[in-house]
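# Generate coordinates for the sequence data below:
(6 chains)
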Protein chains: 4
Amino acid sequence: MEKPEKCEKPDKCAEKREAIIQAALELVAEQGFHGAPMAMIAEKAGVGAGTIYRYFENKDDLIRWIYKNVEERFVEVMMQGYPEKGPVRERLVHIGTALVRHLISEPLQLRFVEQFHNSPYGVDHRREKIFGQGRKDVISELFDEAVAQQIFKPLELAILFSLFFGPLVDICRDHILGFVKLDDALIEQVVGACWDALRR
Amino acid sequence: MEKPEKCEKPDKCAEKREAIIQAALELVAEQGFHGAPMAMIAEKAGVGAGTIYRYFENKDDLIRWIYKNVEERFVEVMMQGYPEKGPVRERLVHIGTALVRHLISEPLQLRFVEQFHNSPYGVDHRREKIFGQGRKDVISELFDEAVAQQIFKPLELAILFSLFFGPLVDICRDHILGFVKLDDALIEQVVGACWDALRR
Amino acid sequence: MEKPEKCEKPDKCAEKREAIIQAALELVAEQGFHGAPMAMIAEKAGVGAGTIYRYFENKDDLIRWIYKNVEERFVEVMMQGYPEKGPVRERLVHIGTALVRHLISEPLQLRFVEQFHNSPYGVDHRREKIFGQGRKDVISELFDEAVAQQIFKPLELAILFSLFFGPLVDICRDHILGFVKLDDALIEQVVGACWDALRR
Amino acid sequence: MEKPEKCEKPDKCAEKREAIIQAALELVAEQGFHGAPMAMIAEKAGVGAGTIYRYFENKDDLIRWIYKNVEERFVEVMMQGYPEKGPVRERLVHIGTALVRHLISEPLQLRFVEQFHNSPYGVDHRREKIFGQGRKDVISELFDEAVAQQIFKPLELAILFSLFFGPLVDICRDHILGFVKLDDALIEQVVGACWDALRR
DNA sequence: AATGAATGAGACTTCATTCAT
DNA sequence: CATGAATGAAGTCTCATTCAT
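Residues are numbered from 1 along each chain as shown, chains lettered A, B, ... in the order given. Take a look at the predicted model:
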């Protein structure tokens, strides 16, 4: 992930960039898009309003960039300690558990992603994700493999993803909002339930 | 679906009300809240800008009213032909199938509801829904019963709901956006998968 | 004061007219012009919004008509029991006392008049009053006479009026708003003070 | 007359602020509140519509700020050259004369204040002025002293103020509107008349 | 490179007035 | 005649973006 703008003092610049991103992330996560005007983001980041435009073309660009980063972070987390050689179930449980643990430890990221999905760009993004499958990622490969081995139900990838990730994200949201209280045991049960949905 | 405003000429009034509701529903569903200014709603409905305010106190009121109605419609649909005396699985499959059929036949309603959930009122609404369980509805009762009979996993209602309804809604969205193509056979499979997630 | 609109059922019409006038008077007096929209006046008067326009050309016309009536009422009150043959002081005290008594017994009329004086028409009205002295009224004659007899200071009528009526109206307003408490004795003192201002 | 908003370039900012204040003062004075929409104020001030909101939170804030300043200016003017040690009559005449001279030289300020007094805030302001007499000002002290020395009639402060200031303001308004023509001699006579109203 | 004051399009809402019923 | 639903111009205020410093 290269920095889209050149900068002579990398440290200083990276700092400001990060401050802007963090401020925008927090505001959008906590107040929604409509509660995150550029002026407020700038103030919270401790920079001038015009400065944001030196790092991002416009508000959309900023938002999209944050989304991309957060999503990549999700993948990183799921790949950390991924038992590449383990059986399908172990690999899937690892992914689900890692994701849930991350989401509830980074509530702002989850809330941001949810805000993003409902917006003009949300749909575009998902379209690109599903159809622009240029590069098969590890998770897609796992699902494909499980289908091929007749461990999973013979369904399209998009559907399998919804069956597995949909409930996990919903339940994490409920945890963050205080509607349910996840602990290690419960996480295991929930991930297990999602596994059941996929299993033949 | 009662008419909250008095009106001397029910026909004419109901027409305009419906036109406003339909216009707002479409615009919000297709463009998001941010793409549905009151002036545009009025124009699409073929009424003057001020006319909306004869039927709804303000924009929030309009949006909430639509949401409430759409949600009630969802429940109605799920309850239509509900096999009250049938086994748990049959009842659950009926609910899931009916919901999916309705959602993909009324794509605007689904998109609207998704937009609504991300907004200042979205969270409040869910909170009230989960904690203000004054009146147990038929669906909650079904789930409670299935847990008591040890047919479902022993999990909280909120979690069971996420496991069952979360993927269904996600997949319907993907169908609407053209990412997957649901037919009767596929619907059955998907609902079956969600059942598997709940089953002990 | 003829009724500007013809009407076949004088009773019914007069009733509606009065209701409209009373409603407008109250609303303007209590909430100011900005708190008295036509729709609210109509509702308070128990008539349709459009009905007002059968009796008055527009809002300005309504307001002006009320003002004219209220002002005429003031004159009537001051002329009631007016000691035409009495000495100047007695006549003036009668006028002042009668006015004060009326104003504090009809707070709405006072408040309305004050609202009226500050408005686009307020100035026009005063201009006409001062320069369009076509018909000398009794009060102007009294002041002229008092000046001629060298009882009053040799000042213009407009100034003498301000010296006498200005404080009286102000003090009545303060009474209505609860800032001072007028009783018969105090009224006498205040009118006496205003007399002192005029006296040579 | 402190600047309530911070600004890095005092000169430029103060200029715009002043332009906005002057524009609002003129429009309100000449056309009333109803004739002074924010867009018109902005245009007259030669700034963008949104700019006003960098200096004032909202329209009320702008109006109140102007009023406060104008009122303070009135007090300043009356206190300039105030003969603190002189006899009561001299002090009072100074106050009255200074006020009248100022009002007729700054007709916009007088008209503005009169507009202000008739408005939702007008009454509140007067109430606070009369009852919230936390800090006795010089003028109140003068009146209190004159009552104590039995120079003035034994009346409440609010009444004495109405007797003295009421006619002065009214007459200044008439001068501004061209109904009377004040000169030094006439001012002296009028102030003298108001003194007579107070004197025992 | 950074700032933040300035901008003005556009959002929501109100209300005097009209006109079909 | 009376009604009140409908209208749309106009009001207040917000905010993404620009640009002089």
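
# Which element, helix or strand, includes the residue of chain A found nearest chain D?
With Cβ to the nearest Cβ, the shortest gap between chain A and chain D falls at A:Ala39, namely 10.8 Å. (C-beta placed from N, C-alpha, C; glycine too.) Taking DSSP states H and E as the definition, A:Ala39 sits inside helix A:38-45.

# likewise A:Val75?
Per DSSP H and E: A:Val75 is located in helix A:59-79.

# if you look at that helix, does any of it touch DNA strand F?
Yes - residues of helix A:59-79 are located near DNA strand F by Cβ under 7 Å from any atom of the strand, namely A:59-60.

# Summarise which helices and strands that helix is packed against.
Using 3 or more Cβ pairs under 8 Å, 6 or more residues apart in numbering or on different chains; DSSP states H and E, the elements in contact with helix A:59-79 are helix A:10-31, helix A:88-105, helix A:107-117, helix A:120-131, helix A:138-148.

# OK, contacts around the residue nearest in space to the middle of chain A?
Closest residue to the average C-alpha location of chain A: A:Glu71 at 3.4 Å, with Cα atoms, centre = their mean. Contacts here follow Cβ atoms under 8 Å, 6 or more residues apart in numbering or on different chains; on that basis A:Glu71 touches A:Val113.

# separation between it and DNA strand E?
26 Å (Cβ to the nearest atom of the strand, to the nearest Å).

# Before we move on, what's the pLDDT of that residue?
Note for A:Glu71: predicted pLDDT of 92.

# quick one: it and chain B, what's the gap?
Separation of A:Glu71 from chain B (Cβ to the nearest Cβ, to the nearest Å): 16 Å.

# and the helix or strand of chain A with the lowest mean pLDDT with DNA strand E, contact?
Taking mean pLDDT, DSSP states H and E as the measure, the helix or strand of chain A with the lowest value is helix A:120-131, at a mean of 74. No - remark: helix A:120-131 sits outside contact range of DNA strand E, by Cβ under 7 Å from any atom of the strand, the gap being at least 13.3 Å.

# What is that helix packed up against?
Helix A:120-131 packs on helix A:59-79, helix A:107-117, going by 3+ Cβ pairs under 8 Å, 6+ apart.

# thinking again about what came up before, between the helices and strands packed on helix A:59-79, which one is nearest to D:Ile104?
helix A:10-31 (53.3 Å; Cβ to Cβ).

# closest point of chain A to DNA strand E, which residue?
A:Gly50 (1.5 Å; Cβ to the nearest atom of the strand).

# what's near enough to touch that residue?
A:Gly50 touches nothing, counting by Cβ under 8 Å, 6+ apart.

# For it, which three-state class applies?
Put simply, A:Gly50 is helix when judged by DSSP: H, G, I helix; E, B strand; the rest coil.

# Give me the local confidence score for the nearest residue to A:Val88 once chain neighbours are set aside.
Leaving aside its sequence neighbours, A:Val88 sits nearest to A:Ala146 (Cβ to Cβ, 6 or more residues apart in numbering or on different chains; 4.8 Å). Note for A:Ala146: predicted pLDDT of 97.

# pretty sure A:Ala146 is touching A:Pro154, no?
No - A:Ala146 is not in contact with A:Pro154 according to Cβ atoms under 8 Å; the separation is 10.5 Å.

# Output the below-cut-off pLDDT ranges for chain A.
The model of chain A has pLDDT under 70 over residues A:1-12, A:120, A:132-136.

# Please list the residues of it that sit near chain B.
When proximity is defined as Cβ under 8 Å from any Cβ of the partner chain, chain A approaches chain B at A:32-35, A:114-115, A:117-120, A:123, A:126-127, A:130-131, A:153, A:155-156, A:158-159, A:162-163, A:166-167, A:169-171, A:174, A:177, A:179-180, A:186, A:189-190, A:193-194, A:196-199.
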